[in-house]
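Colleague: what follows is a predicted protein model with its sequence.
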Amino acid sequence: MRRTTRTATAAAVLGLVGLVGTAVHAGSTATTLASSASISNNCTISTAALAFGAYDPVVANAASNLDGTGTVTIACTKGAATTIALNLGINATGSTRRLTDGSSNYLTYEIYQDSGRTTVWGTGADVETPAAAPSKAARAFTAYGRVASNQDSPAGSYADTVTATVNF
(Lines give C-alpha, C1' and ligand atoms only; values in the text may rest on other atoms or scores of the structure.)
Protein backbone atom coordinates (compact mmCIF):
# COMPACT_ATOMS: atom_id res chain seq x y z
CA MET A 1 0.00 0.00 0.00
CA ARG A 2 2.81 2.23 0.56
CA ARG A 3 3.77 1.91 -2.97
CA THR A 4 0.45 3.29 -4.15
CA THR A 5 0.73 6.21 -1.77
CA ARG A 6 4.11 7.16 -3.12
CA THR A 7 2.85 7.03 -6.66
CA ALA A 8 -0.14 9.16 -5.78
CA THR A 9 2.06 11.63 -3.91
CA ALA A 10 4.49 11.84 -6.86
CA ALA A 11 1.60 12.43 -9.25
CA ALA A 12 0.23 15.19 -7.02
CA VAL A 13 3.64 16.92 -6.89
CA LEU A 14 4.06 16.69 -10.67
CA GLY A 15 0.59 18.15 -11.14
CA LEU A 16 1.49 21.13 -8.94
CA VAL A 17 4.71 21.70 -10.90
CA GLY A 18 2.67 21.70 -14.12
CA LEU A 19 0.38 24.39 -12.70
CA VAL A 20 3.27 26.57 -11.58
CA GLY A 21 4.78 26.54 -15.13
CA THR A 22 1.49 27.60 -16.76
CA ALA A 23 0.55 31.28 -16.71
CA VAL A 24 -2.74 31.94 -15.08
CA HIS A 25 -4.33 35.30 -15.95
CA ALA A 26 -6.93 37.00 -13.89
CA GLY A 27 -7.82 39.43 -16.76
CA SER A 28 -6.34 41.57 -19.54
CA THR A 29 -6.48 45.08 -20.92
CA ALA A 30 -5.29 46.75 -24.18
CA THR A 31 -4.41 50.17 -25.49
CA THR A 32 -3.09 51.61 -28.74
CA LEU A 33 0.39 52.77 -29.70
CA ALA A 34 0.17 55.99 -31.72
CA SER A 35 2.60 56.25 -34.64
CA SER A 36 3.23 59.33 -36.74
CA ALA A 37 5.57 60.95 -39.26
CA SER A 38 5.59 64.20 -41.16
CA ILE A 39 6.76 65.17 -44.64
CA SER A 40 7.72 68.72 -45.48
CA ASN A 41 7.94 70.02 -49.03
CA ASN A 42 11.49 69.95 -50.30
CA CYS A 43 13.18 70.47 -53.66
CA THR A 44 16.59 70.23 -55.26
CA ILE A 45 17.70 72.19 -58.31
CA SER A 46 20.53 71.76 -60.80
CA THR A 47 21.43 73.21 -64.19
CA ALA A 48 23.16 72.29 -67.42
CA ALA A 49 24.93 75.21 -69.12
CA LEU A 50 23.26 77.43 -71.69
CA ALA A 51 25.76 77.21 -74.53
CA PHE A 52 25.45 79.51 -77.53
CA GLY A 53 28.49 78.50 -79.53
CA ALA A 54 30.39 80.92 -81.78
CA TYR A 55 28.99 84.37 -82.50
CA ASP A 56 30.24 86.03 -85.71
CA PRO A 57 29.44 89.75 -85.70
CA VAL A 58 30.66 90.16 -89.31
CA VAL A 59 28.96 87.41 -91.31
CA ALA A 60 26.88 84.60 -89.79
CA ASN A 61 25.18 86.43 -86.93
CA ALA A 62 25.21 89.95 -88.31
CA ALA A 63 21.61 89.68 -89.47
CA SER A 64 20.33 86.75 -87.40
CA ASN A 65 20.17 85.79 -83.75
CA LEU A 66 22.34 83.10 -82.18
CA ASP A 67 20.20 80.63 -80.24
CA GLY A 68 21.19 78.05 -77.62
CA THR A 69 19.60 75.91 -74.92
CA GLY A 70 20.35 74.90 -71.36
CA THR A 71 18.44 72.93 -68.74
CA VAL A 72 17.10 73.58 -65.27
CA THR A 73 16.19 70.39 -63.40
CA ILE A 74 14.16 70.18 -60.20
CA ALA A 75 13.13 67.26 -58.01
CA CYS A 76 10.47 68.02 -55.40
CA THR A 77 8.22 66.36 -52.87
CA LYS A 78 5.13 64.89 -54.54
CA GLY A 79 2.40 67.53 -54.73
CA ALA A 80 4.72 70.49 -54.09
CA ALA A 81 3.72 73.67 -55.92
CA THR A 82 6.81 75.43 -57.26
CA THR A 83 8.13 78.35 -59.25
CA ILE A 84 11.53 78.51 -60.91
CA ALA A 85 13.26 81.86 -61.21
CA LEU A 86 16.37 82.89 -63.13
CA ASN A 87 18.01 86.13 -62.07
CA LEU A 88 19.50 88.59 -64.57
CA GLY A 89 23.04 87.35 -64.04
CA ILE A 90 26.12 89.02 -62.63
CA ASN A 91 26.75 91.25 -65.68
CA ALA A 92 23.27 92.72 -66.11
CA THR A 93 22.62 96.38 -66.60
CA GLY A 94 19.09 97.41 -65.75
CA SER A 95 16.92 94.57 -67.04
CA THR A 96 19.36 93.51 -69.78
CA ARG A 97 21.31 90.27 -69.46
CA ARG A 98 24.87 90.49 -70.73
CA LEU A 99 27.76 88.14 -71.42
CA THR A 100 31.18 89.72 -70.83
CA ASP A 101 34.72 88.96 -71.91
CA GLY A 102 35.93 90.02 -68.45
CA SER A 103 36.68 93.60 -69.40
CA SER A 104 34.22 96.20 -70.64
CA ASN A 105 32.98 94.28 -73.68
CA TYR A 106 29.51 92.71 -73.71
CA LEU A 107 27.05 90.68 -75.75
CA THR A 108 23.41 91.09 -74.77
CA TYR A 109 21.27 87.99 -74.53
CA GLU A 110 17.99 86.77 -73.11
CA ILE A 111 16.62 83.54 -71.64
CA TYR A 112 13.11 82.36 -72.47
CA GLN A 113 10.69 79.72 -71.18
CA ASP A 114 9.47 78.67 -74.64
CA SER A 115 11.08 77.51 -77.87
CA GLY A 116 9.51 80.43 -79.77
CA ARG A 117 11.51 82.71 -77.46
CA THR A 118 8.57 84.94 -76.62
CA THR A 119 8.19 84.45 -72.83
CA VAL A 120 11.19 85.79 -70.89
CA TRP A 121 12.33 83.69 -67.94
CA GLY A 122 13.07 85.91 -64.98
CA THR A 123 12.39 86.49 -61.30
CA GLY A 124 9.15 88.47 -60.96
CA ALA A 125 5.97 87.77 -62.85
CA ASP A 126 8.05 85.99 -65.49
CA VAL A 127 9.05 82.90 -63.46
CA GLU A 128 8.43 79.39 -64.74
CA THR A 129 5.40 77.94 -62.93
CA PRO A 130 5.21 74.19 -63.55
CA ALA A 131 2.33 72.00 -62.42
CA ALA A 132 2.60 70.54 -58.92
CA ALA A 133 5.16 67.75 -58.73
CA PRO A 134 3.48 64.49 -59.81
CA SER A 135 6.15 62.49 -57.94
CA LYS A 136 9.63 62.92 -56.49
CA ALA A 137 11.16 62.21 -59.91
CA ALA A 138 13.33 64.93 -61.42
CA ARG A 139 11.75 67.17 -64.05
CA ALA A 140 13.84 69.06 -66.62
CA PHE A 141 12.90 72.45 -68.05
CA THR A 142 14.64 73.85 -71.12
CA ALA A 143 16.08 77.35 -70.94
CA TYR A 144 15.96 78.83 -74.45
CA GLY A 145 18.64 81.47 -74.93
CA ARG A 146 19.20 84.05 -77.63
CA VAL A 147 22.09 86.39 -78.35
CA ALA A 148 20.63 89.28 -80.34
CA SER A 149 21.88 89.91 -83.88
CA ASN A 150 23.91 92.88 -85.08
CA GLN A 151 26.11 93.34 -82.02
CA ASP A 152 29.57 94.83 -82.58
CA SER A 153 31.88 93.26 -80.01
CA PRO A 154 35.57 92.29 -80.20
CA ALA A 155 36.87 88.73 -80.29
CA GLY A 156 37.04 86.93 -76.97
CA SER A 157 35.31 84.38 -74.73
CA TYR A 158 32.11 85.77 -73.23
CA ALA A 159 30.33 84.40 -70.17
CA ASP A 160 27.77 85.20 -67.49
CA THR A 161 26.53 83.50 -64.31
CA VAL A 162 22.79 83.29 -63.73
CA THR A 163 21.33 82.03 -60.44
CA ALA A 164 18.46 79.53 -60.74
CA THR A 165 16.11 79.33 -57.74
CA VAL A 166 13.24 76.95 -57.05
CA ASN A 167 10.63 78.27 -54.64
CA PHE A 168 8.30 75.76 -52.93
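Modeller: Thanks, I have it. Numbers count the residues shown, from 1 in each chain.
Colleague: give me the number of residues near Gly122?
Modeller: 19 (other CB atoms under 10 Å). No exception for glycine: its C-beta is placed from N, CA and C like everyone else's.
Colleague: what about the strands in this protein?
Modeller: 43-51, 66-76, 83-86, 97-100, 106-112, 139-147, 164-167 (DSSP state E).
Colleague: mean neighbour count and mean pLDDT added to those, as a markdown table?
Modeller: Formatted as a markdown table, the strands of the chain follow (neighbours: other CB atoms under 10 Å; pLDDT from 0 to 100):
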| stretch | mean neighbour count | mean pLDDT |
| --- | --- | --- |
| strand 43-51 | 14 | 98 |
| strand 66-76 | 18 | 98 |
| strand 83-86 | 19 | 98 |
| strand 97-100 | 20 | 98 |
| strand 106-112 | 21 | 98 |
| strand 139-147 | 18 | 98 |
| strand 164-167 | 16 | 98 |
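Colleague: as JSON lines, those with distance to Ala125 would be great.
Modeller: Listed next are the strands of the chain as JSON lines, based on distance: least, CB to CB, whole Å:
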{"stretch": "strand 43-51", "distance to Ala125": "20"}
{"stretch": "strand 66-76", "distance to Ala125": "18"}
{"stretch": "strand 83-86", "distance to Ala125": "10"}
{"stretch": "strand 97-100", "distance to Ala125": "17"}
{"stretch": "strand 106-112", "distance to Ala125": "15"}
{"stretch": "strand 139-147", "distance to Ala125": "17"}
{"stretch": "strand 164-167", "distance to Ala125": "14"}
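Colleague: how about those, which one is nearest Ala37?
Modeller: strand 66-76 (18.5 Å; CB to CB).
Colleague: what are the pairing partners of the closest one, and which direction each?
Modeller: The strands beside strand 66-76 in its sheet (DSSP bridges) come out as strand 43-51 (antiparallel), strand 139-147 (antiparallel).
Colleague: could the ones you listed go into TSV alongside distance to Ala159?
Modeller: Formatted as TSV, the strands paired with strand 66-76 follow (distance: least, CB to CB, whole Å):
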stretch	distance to Ala159
strand 43-51	10
strand 139-147	12
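Colleague: no more questions from me, cheers.
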